[in-house]
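K.L.:
Next comes the sequence, and after it the predicted model I'd like to discuss.
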Amino acid sequence: MAKKAESERIDIYTRITDRIVEDLEQGIRPWIKPWSAANTSDRITRPVRHNGLPYSGMNVLLLWSEQMSRGFSSSMWMTFKQALELGGAVRKGETGSTVVFASRFTKSVADGSGNDVDREIPFLKAYSVFNIEQIDGLPEIYYASPANVRGPVERIESADRFFKATGAVIRHGGNQAYYSPVMDYIQMPPFEAFRNAAGYAAVLSHEATHWTAAEGRVGRDLSRYAKDRTDRAREELIAELGSCFLCADLGIAPELEPRPDHAAYLQSWLSILANDKRAIFQAAAHAQRAVSFLHSLQPEADLKAAA
């Protein structure tokens, strides 16, 4: 039974990774698809569950991809059972979209000395969800258009407050954007060097994801970033994904055109994914932790905690 579960888990990793590799081989960064699609006039958000809670990590990438490829305008998803509980029904012939649930369980195993020790065993489970556009009979509120969508100016002002609240040291000058792990600051070109305020915020979201790596924040190891091309590519993948998650939360578009230094990572990402089917899942998990940390620094996070 254990071997079957392991085989199914490997198959999930492989199937999903192969889909992402297919896009990358065509020069397409799949996590950018929601913004680079033909119709991007509406606000891009994270996919959300039936109760309005956003999906996180790998499931964001999976459901963005499904939403784009299948032409759904809604970002809300639910299981077959949840639809029934809400009085709806999935239309006959509709097919679900895959999401994953990752966790760990504790198992007692014998060590080399014959003693029983507890070990945490990771597991990955896949299940299907349906977009609400595949479901009939739900309460009308599920089909209503989103209300109170913030305008572009308000979104930029909100993004500006967001980055200030992180407490990150942000310096300006030169023509490069980067995070210095040694000096612990973010370097940005002058504001005037960007096409608009949204472009500035998009680049800053990428560098802010790098900034979370420091010990005392989320603690990703950047010691080999400057020395090892593969480690550098992995960190840049985390920053790309983190930027996309954060931009969706802030209501702005990420960097649609990769910077020259980032475009060079494409072949490295293909190599990493080809040799490690778990790499994209790990990168998405790291990106999610980074973005969650940035959100935890916001004043409203304190208010929610108190409530």
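P.N.:
Good, I have the coordinates.
K.L.:
got any ranges where the protein has weak pLDDT?
P.N.:
Applying pLDDT under 70 to the chain picks out residues 1-10, 37-42, 103-105, 107, 112, 120-123, 146-149, 301-307.
K.L.:
mind redoing it with 90?
P.N.:
Within the chain, the stretches with pLDDT under 90 are 1-12, 27-28, 33, 36-44, 101-125, 143-155, 195, 255-265, 300-307.
K.L.:
domain assignment for it?
P.N.:
44-148, 149-307 (automatic domain parsing).
K.L.:
Please identify which of these is closest to T14.
P.N.:
Nearest to T14, of all these, is domain 149-307, at 5.2 Å by Cβ to Cβ. C-beta here means a position set from N, CA and C on the backbone, and glycine is covered the same way.
K.L.:
so how far is that closest one from its chain's centroid?
P.N.:
Distance, stretch centre to chain centre, for domain 149-307: 11 Å (Cα atoms, centre = their mean, to the nearest Å).
K.L.:
hmm, back to that, and the domains of the chain, which is most packed in?
P.N.:
Ranked by mean neighbour count, the domains of the chain are led by domain 149-307 with a mean of 17 (mean count of other Cβ atoms under 10 Å).
K.L.:
thinking again about what came up before, pipe the domains of the chain into JSON lines and attach distance to T17 per row.
P.N.:
Converted to JSON lines, those look like this (distance: least, Cβ to Cβ, whole Å):
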{"stretch": "domain 44-148", "distance to T17": "10"}
{"stretch": "domain 149-307", "distance to T17": "5"}
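K.L.:
and of these, who's closest to G27?
P.N.:
domain 149-307 (7.0 Å).
K.L.:
Using PDB, list the CA coordinates for the longest strand seen in the chain.
P.N.:
For the chain, the longest strand by residue count, based on DSSP state E, is strand 116-131. The C-alpha coordinates for strand 116-131 follow below in PDB (Å, rounded to 0.1, in the frame of the first residue of the first chain):
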ATOM      1  CA  ASP A 116      11.300   2.600  17.500                       C
ATOM      2  CA  VAL A 117      11.600   6.300  16.600                       C
ATOM      3  CA  ASP A 118       9.000   8.800  15.300                       C
ATOM      4  CA  ARG A 119       9.600  10.100  11.900                       C
ATOM      5  CA  GLU A 120       7.700  12.700   9.900                       C
ATOM      6  CA  ILE A 121       6.600  11.300   6.600                       C
ATOM      7  CA  PRO A 122       5.600  13.800   3.900                       C
ATOM      8  CA  PHE A 123       2.600  13.000   1.700                       C
ATOM      9  CA  LEU A 124       0.900  14.700  -1.300                       C
ATOM     10  CA  LYS A 125      -2.700  14.100  -2.200                       C
ATOM     11  CA  ALA A 126      -4.400  15.300  -5.400                       C
ATOM     12  CA  TYR A 127      -8.100  16.100  -5.700                       C
ATOM     13  CA  SER A 128     -10.400  17.800  -8.100                       C
ATOM     14  CA  VAL A 129     -12.200  21.100  -7.900                       C
ATOM     15  CA  PHE A 130     -14.600  22.800 -10.300                       C
ATOM     16  CA  ASN A 131     -14.800  26.400 -11.300                       C
END
